[in-house]
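Peer 1: Next one to model:
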Amino acid sequence: MSARPNKKPLFLGIDTGGTYTDAVLWSETEGSQQGPSKGKVLAKAKALTTRHDLAVGISGAVDAVLQKAGSDPTAIKLVSMSTTLATNALVEGQGGRVALVMIGFSETDLARDGLKTALGTDPVGFCPGGHDVHGNAAKLDLSGLEAALPELGASVSGFAVCAYFATRNPAHELAARDLIREKTGLPVTASHELSAKLGGPRRALTTLLNARLISMIDRLVAATEGFLDARKIIAPLMVVRGDGALVSAAFARQRPIETILSGPAASLVGARHMTGLDNAIVSDIGGTTTDVAVLDKGRPRLDPEGATVGGFRTMVEAVAMRTFGLGGDSEVALEDGALNPRILLGPRRLVPLALAGMVHGEAVTSELERQLRAPNPGRMDGRLAVRTGVPDRLAAGLTGAEAKLYELIGAVPLAVDKLLMMSNAQNATLNRLVSRGLVHVAGFTPSDAAHVLGKQANWDPVAARLGAELFARKRDGRGQSIAASPEAISERVLTTLTRLSAEVILETAFAEDGLDGAATVAHALVQRAVDSHPGIARLTVALDRPVIGLGASAPLHYAGLAELVGNDCVVPEDTDVANALGAVVGQVRVSAEARVSQPQEGLFRLASGETMRDFTDEAAAIAAAEADVRAIVAKRAKDAGTDSAEIEVSTEFRVSTVEAQRMFIEAHVVAVASGRPRIAV
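Peer 2: Numbering: from 1, shown residues only. All right, here's what the predicted structure looks like:
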């Protein structure tokens with residue numbers, strides 16, 4: 001297709017999700033679509049995410065979107081991406097080997113905030129030093145660190161440095177950072193660069209995870225930059241942070257930990273842009289998970305305690321997002337031991353049989369047909385195993401049993417009933433290979449059910465129907481088949497998915513209201529209310545705000561949601577690419593903070609950035625703090641990718657009154673800069 005001339009600047013949004021990579025081409029100036037959003041989506045496209053080489057999935061989606069729009073790539077003046085890469089890495093325990101340097105801490109501090117668990121077998125060293133709450137220094141001794149650097153430098157991919165009260169005085173972190181860089185040339189993350197909050201062990205944990213992720217985000221950014229260069233797209237590259245703000249790729253490379261929950265945050269920005277709703281519950285259903293969060297007054301609610309990912313509570317400001325193992329590719333299973341067993345979904349993701357059938361053809365359908373010809377249903381029916389395609393070096397450290405099973409599994413799906421003929425104990429071994437990311441299991445999912453009913457048609461409906469037939473043959477507690485036909489079981493699966501979607505949305509709402517969300521939604525009264533159960537006592541439950549349904553399958557799975565949650569469910573036109581759209585319509589937003597304390601009467605100590613100064617006058621110290629944070633945040637905003645930042649400064653005082661006299665304790669000064677990202681000229 002020949003490119004049409006287009007002099008108006010175009011914006012390219014990319015989202016690399018667990019299953020798909022999405023791309024959107026957006027114009028800020030081509031009028032408004034129907035509805036409240038400004039600008040226009042010119043084209044959108046999807047490609048399967050290629051985990052072993054992300055550039056393949058990115059290029060597939062972007063090339064497709066450019067072809068659909070018929071646009072000249074050189075008209076693109078801004079590229080922005082959201083990614084689940086950092087989140088997935090932390091959830092799956094992946095990342096580089098990192099050395100942690102603790103200054104002024106002891107080994108007992110490793111037991112706090114999950115730091116020891118997060119560290120695993122990575123090396124850690126302790127150095128004397130650190131500061132007190134007012135920034136006064138203990139004696140620093142880095143000789144032990146210097147002696148260990150030759151060996152460490154050869155065995156790790158980076159360093160994390162955390163010093164006691166570095167948020168009040170970072171001098172010792174800076175000294176260690178400079179020494180490590182000089183001797184090893186490796187990346188170093190210092191804790192004061194990531195957070196100004198107190199709590200050394202959790203700040204060390206955040207710093208450690210950041211250092212692990214640097215090489216991974218480096219590869220993603222490099223792959224994207226290489227692709228853009230090959231297409232002659234000369235434009236700034238932005239990345240969505242976990243709080244929904246945009247930052248430059250260079251900024252994200254130094255602070256990759258801040259991109260955890262990037263994808264869900266981008267979806268919230270996209271949801272607000274598409275609907276114009278300031279107050280809503282946003283539910284984003286993907287292949288693997290459903291992410292639920294709250295929009296308040298036009299901005300995502302942030303987690304006040306810091307984002308929790310992979311079981312670790314970090315100090316990263318990110319969307320208060322609840323993630324549930326419920327999606328279109330969720331494993332469909334049957335409740336054990338019940339007379340009328342319920343359909344169970346998730347939390348594990350399977351490769352849908354329809355997708356496996358599209359990719360591998362007869363290798364999948366012939367095995368499913370063989371199982372259907374058997375007179376009785378088998379426990380492993382409808383399950384196939386296939387390698388994920390990651391490099392062989394990632395299979396290092398397998399046990400003998402794991403290595404033997406992994407050797408049997410190849411690039412073509414193999415029926416699990418054949419694979420595990422020798423021993424049922426091998427099922428646990430297979431599950432370990434899946435959790436290592438080495439093997440995928442294909443099986444019956446809601447996506448297959450949708451194909452059976454003609455509500456989805458992008459993969460192979462034949463394999464989906466065979467999988468539904470096999471599942472419908474399973475027996476209930478009376479020994480009868482659980483469904484009369486593939487259509488009947490598929491309807492039950494889709495109804496269950498909508499019902500469980502309502503539950504996770506209500507669970508989030510209850511939790512935001514300060515209740516135990518899971519226990520409350522499971523209560524018999526809430527269950528009756530959701531089901532509109534008839535009775536003398538009629539019960540209802542209703543949200544105070546509408547739901548915005550996001551995700552490619554939201555129009556299908558959320559069609560019956562409104563009556564279950566007691567409020568409207570809005571599914572925007574471009575819901576399938578909300579993340580990619582959110583990546584490109586967002587704003588740069590960065591902050592800086594300073595503290596003024598009074599270590600002794602009449603002395604006011606200002607700690608801002610990497611400096612510390614003393615004043616004899618409170619007003620002068622506060623004025624200097626406000627000037628400092630304004631200057632720091634202006635530079636940070638420029639580094640993060642905007643030339644048009646608006647800056648707001650706020651000051652919070654901690655004072656006490658003694659005998660009617662005001663006593664200054666501390667002041668906390670925060671500057672926030674926000675603005676649209678710069679575009680190529």
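
Peer 1: which element follows the helix or strand of the chain with the lowest mean pLDDT toward the C-terminus?
Peer 2: Using mean pLDDT, DSSP states H and E, the weakest-scoring helix or strand in the chain turns out to be helix 85-91, at a mean of 73. Moving toward the C-terminus from helix 85-91, the first helix or strand encountered (DSSP states H and E) is strand 98-103.

Peer 1: Quick check: the gap between the residue nearest to the spatial centre of the chain and L54.
Peer 2: The centroid of the chain falls nearest to L261 when counting by C-alpha atoms, centre = their mean (3.0 Å). According to C-beta to C-beta, to the nearest Å, L261 stands 18 Å off from L54. From N, CA and C alone the C-beta is placed, and that goes for glycine too.

Peer 1: now do P534
Peer 2: Applying C-beta to C-beta, the value for P534 to L54 is 52 Å.

Peer 1: Between the two, point out the one with more neighbours.
Peer 2: Neighbours per residue (other C-beta atoms under 10 Å) separate P534 from L54, with L54 holding more: 20 against 7.

Peer 1: which ones are touching the more buried one?
Peer 2: Counting by C-beta atoms under 8 Å, 6 or more residues apart in numbering, L54 makes contact with T16, T21, L85, R219, L220, A223.

Peer 1: What's opposite the second one in the beta bridge?
Peer 2: On DSSP bridges, the residues paired with T21 through beta bridges are T16, A47.

Peer 1: What's the local residue count around it?
Peer 2: 25.

Peer 1: so what does the lengthiest strand in the chain touch, helix or strand wise?
Peer 2: Ranked by residue count, the top strand of the chain under DSSP state E comes out as strand 661-675. Contact here means 3 or more C-beta pairs under 8 Å, 6 or more residues apart in numbering; DSSP states H and E; on that basis strand 661-675 packs against strand 588-600, helix 618-640, strand 646-658.

Peer 1: which strands and helices sit next to the least confident helix or strand of the chain?
Peer 2: helix 200-230, helix 262-275, strand 308-309.

Peer 1: Comparing the ones you listed, which stretch has the densest surroundings?
Peer 2: Highest mean neighbour count among the helices and strands packed on helix 85-91 (mean count of other C-beta atoms under 10 Å): helix 262-275, with a mean of 29.

Peer 1: what mean pLDDT does that one have?
Peer 2: Averaging pLDDT along helix 262-275 yields 90.

Peer 1: got the angle between the helix or strand following that helix and helix 262-275?
Peer 2: Downstream of helix 262-275, the first helix or strand assigned by DSSP H and E is strand 280-285. Inter-element angle recorded for strand 280-285 and helix 262-275: 120 degrees (by axes from the mean of the first three to the mean of the last three C-alpha atoms, to 10 degrees).

Peer 1: Can I get the least confident helix or strand of the chain as PDB, trimmed to CA atoms?
Peer 2: Only the C-alpha atoms of helix 85-91 are listed here, as PDB (Å, rounded to 0.1, in the frame of the first residue of the first chain):
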ATOM      1  CA  LEU A  85       8.100  -6.900  31.100                       C
ATOM      2  CA  ALA A  86       9.300  -5.700  34.500                       C
ATOM      3  CA  THR A  87       6.100  -7.000  36.300                       C
ATOM      4  CA  ASN A  88       6.400 -10.400  34.700                       C
ATOM      5  CA  ALA A  89      10.100 -10.600  35.500                       C
ATOM      6  CA  LEU A  90       9.400 -10.000  39.200                       C
ATOM      7  CA  VAL A  91       6.400 -12.300  39.400                       C
END
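
Peer 1: show me the residues around S27 that make contact.
Peer 2: K8, P9, L10, F11, G39, K40, L42.

Peer 1: End to end on stretch 224-239, go ahead and measure it.
Peer 2: Start-to-end span of stretch 224-239 (C-alpha to C-alpha, to the nearest Å) is 11 Å.

Peer 1: What residues sit buried inside stretch 646-655?
Peer 2: I647, V649 (16 or more other C-beta atoms under 10 Å).

Peer 1: next one: stretch 293-308
Peer 2: A293, V294, L295, P300, L302, D303, G306, A307, T308.

Peer 1: again with stretch 89-106
Peer 2: Of all the residues in stretch 89-106, those buried under the rule 16+ other C-beta under 10 Å are 89-91, 94-96, 98-105.

Peer 1: And for stretch 605-621?
Peer 2: R605, L606, A607, S608, G609, M612, F615, A621.

Peer 1: Could you save the residues you listed as a markdown table and add columns showing distance to L368 and pLDDT?
Peer 2: A markdown table is the format used below for the buried residues of stretch 605-621 (distance: C-beta to C-beta, whole Å; pLDDT from 0 to 100):
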| residue | distance to L368 | pLDDT |
| --- | --- | --- |
| R605 | 72 | 93 |
| L606 | 70 | 94 |
| A607 | 66 | 91 |
| S608 | 65 | 89 |
| G609 | 63 | 83 |
| M612 | 69 | 89 |
| F615 | 77 | 95 |
| A621 | 74 | 95 |
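
Peer 1: ok, back up a step: weakest of the helices and strands packed on helix 85-91 by average pLDDT?
Peer 2: Set side by side, the helices and strands packed on helix 85-91 differ in mean pLDDT, and strand 308-309 is lowest with a mean of 76.
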